[in-house]
Each structure stands twice: as C-alpha cells, then as structure tokens.
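[1] What follows is a predicted structure for the sequence shown.
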Amino acid sequence: MQPPEPVLRGSAEAPTSPRLLARPLDFISEDHLRERQICAVIDGLATAVVFDPKQATAVLRFLNEELNVHLRDEAEDLFPLLARRCTKEDAIEGVIDRIRADQDEVMRLLPRVRSLLAGCLDSGGKPTAEERAVLSRFAGHVRRHLVAENAILLPIARARLTRADLRSLAKHMQTRRGLPELAETTDAE
C-alpha cells in the first residue's frame, strides 16, 4: 500500500493543516487561500452545465466544518487584538468595519447556500438561475473580505501583534478546534 499523495497548497482538497496553528497568522493566511479555492469551486457550481455532486459535497463540508470557525477566529480574537495594538494612523477600525459588513452578508447568505446545495444533492438536479446568482453573490462577498484581510489586516497584524498576542491567538484557535496547545508561536518578535 502506497502512502497518500500530499495535498497541494491551495488545492481545496483538505482543511488547513493544524500544525500551522503554532503560527496563527500563517494559519489564517493559508485558510484564506483555502477559502479562495472554495470560492472557485462555488463559481464552478454556479456556471456548470452538469452539477458536480463531489464538488458540492466538498463545499458543504467546508461551510459546515471550517468557515464558521475561521470567521470566529477573526471576529473574536484577531480583530480585537488589532483594535488594541494598532495606532490611529493604521486606521484599522474602518477596514475591520468593511470586512465585517462582507462577513455579515456571507453569514446571511450561508443558510441559503447550504440549503440549495443540499437540495441539489438530494434531488440530483442543478441550481436554478436564481440559486446560481446566490452562489455567485456568496463567493463574491467571501472574496471581497479576503482581499482586505490579505492586503491590509495580515501585514498590519504581523507588524503590530506581540508574541503574547500571537500565543493568545494560537491558544484560542486551537481551543476552538478542540486541539491541545501547541509549541510557542513564531509569527513575530
């Protein structure tokens, strides 16, 4: 029996490795890449002539098992840490407000996206034109907040958060996933 082939970075085939939790900002960055790849799968489902149940199942698994945890990492830990550590010149509050608005829209659309994908899986049918639009809108809001997080928040977090902040962030992220505490973080000095 041969060992399984390694999953390629950004392949959307597997959740982000928990080993990265020791470096919480790297974990979040990798989670963002996974979200982007899932958005590409959602776009594919929205435009496909033939509905792909394997892809729909992968998206549902991500939505049910990973997305809420990731959004909680940011809302409950990363955003408050940044709000405490950033200077007035960083203007972080406005950025966080824009990201939260997109995340709120993602959460508003989430039950509908889950329901329509589950319905297609149950019926063997494909999404209606209206459902395709919902899928596209959902992926668009996810992408929009990822752009701001990757371009603005994560670079500022790497500059502003202390080692103690990163240890706290890692600990909360690990606890949220039901994992034991890992070794010291190495994201910042």
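    In hand now; what should we look at?
[2] Report the contact partners of H32.
    146, 149-150 (C-beta atoms under 8 Å, 6 or more residues apart in numbering). In short, each C-beta sits where N, CA and C put it, glycine included.
[3] ok, those residues vs A58, which is closest?
    Checking the contacts of H32 against A58 with C-beta to C-beta, the nearest one is L146 at 18.3 Å.
[4] in what helix or strand does the closest residue to the closest one other than its chain neighbours lie?
    Once flanking residues are discounted, L146 sits nearest to H32: 5.2 Å by C-beta to C-beta, 6 or more residues apart in numbering. Using DSSP states H and E, H32 falls within helix 24-47.
[5] Which elements pack onto the helix or strand just after that helix?
    Of the helices and strands lying after helix 24-47 in sequence (DSSP H and E), the nearest is helix 53-62. When contacts are defined as 3 or more C-beta pairs under 8 Å, 6 or more residues apart in numbering; DSSP states H and E, helix 53-62 sits against helix 24-47, helix 92-123.
[6] Let me have the ones you listed in CSV, extended by mean pLDDT and distance to L166.
    Compiled in CSV, the helices and strands packed on helix 53-62 are given as follows (pLDDT from 0 to 100; distance: least, C-beta to C-beta, whole Å):
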stretch, mean pLDDT, distance to L166
helix 24-47, 95, 6
helix 92-123, 95, 17
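[7] what residue ranges in this protein are flagged as low confidence?
    1-12, 182-189 (pLDDT under 70).
[8] same thing but at 80, please
    1-13, 181-189 (pLDDT under 80).
[9] Can I get stretch 157-164 in CSV, CA atoms only?
    The C-alpha coordinates for stretch 157-164 follow below in CSV (Å, rounded to 0.1, in the frame of the first residue of the first chain):
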residue,chain,number,x,y,z
ALA,A,157,-1.0,42.1,12.3
ARG,A,158,2.5,40.9,11.6
ALA,A,159,3.9,44.3,12.4
ARG,A,160,1.7,45.2,15.4
LEU,A,161,0.9,42.0,17.4
THR,A,162,3.2,40.9,20.1
ARG,A,163,4.4,37.4,20.9
ALA,A,164,1.9,37.3,23.8
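[10] Check the offset of it from the chain's centre.
    With C-alpha atoms, centre = their mean, to the nearest Å as the basis, stretch 157-164 stands 21 Å off its chain's centre.
[11] buried residues in it?
    The neighbour-count check on stretch 157-164 (16 or more other C-beta atoms under 10 Å) flags 157, 160-161 as buried.
[12] returning to what we had before: emit the ChimeraX select command for whichever of the contacts of H32 are buried.
    Remark: buried members of the contacts of H32, expressed as a ChimeraX selection using 16+ other C-beta under 10 Å:
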select :146,149
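[13] Now go through the contacts of H32 and say which are in helices.
    Under the assignment DSSP state H, those contribute L146 to helices.
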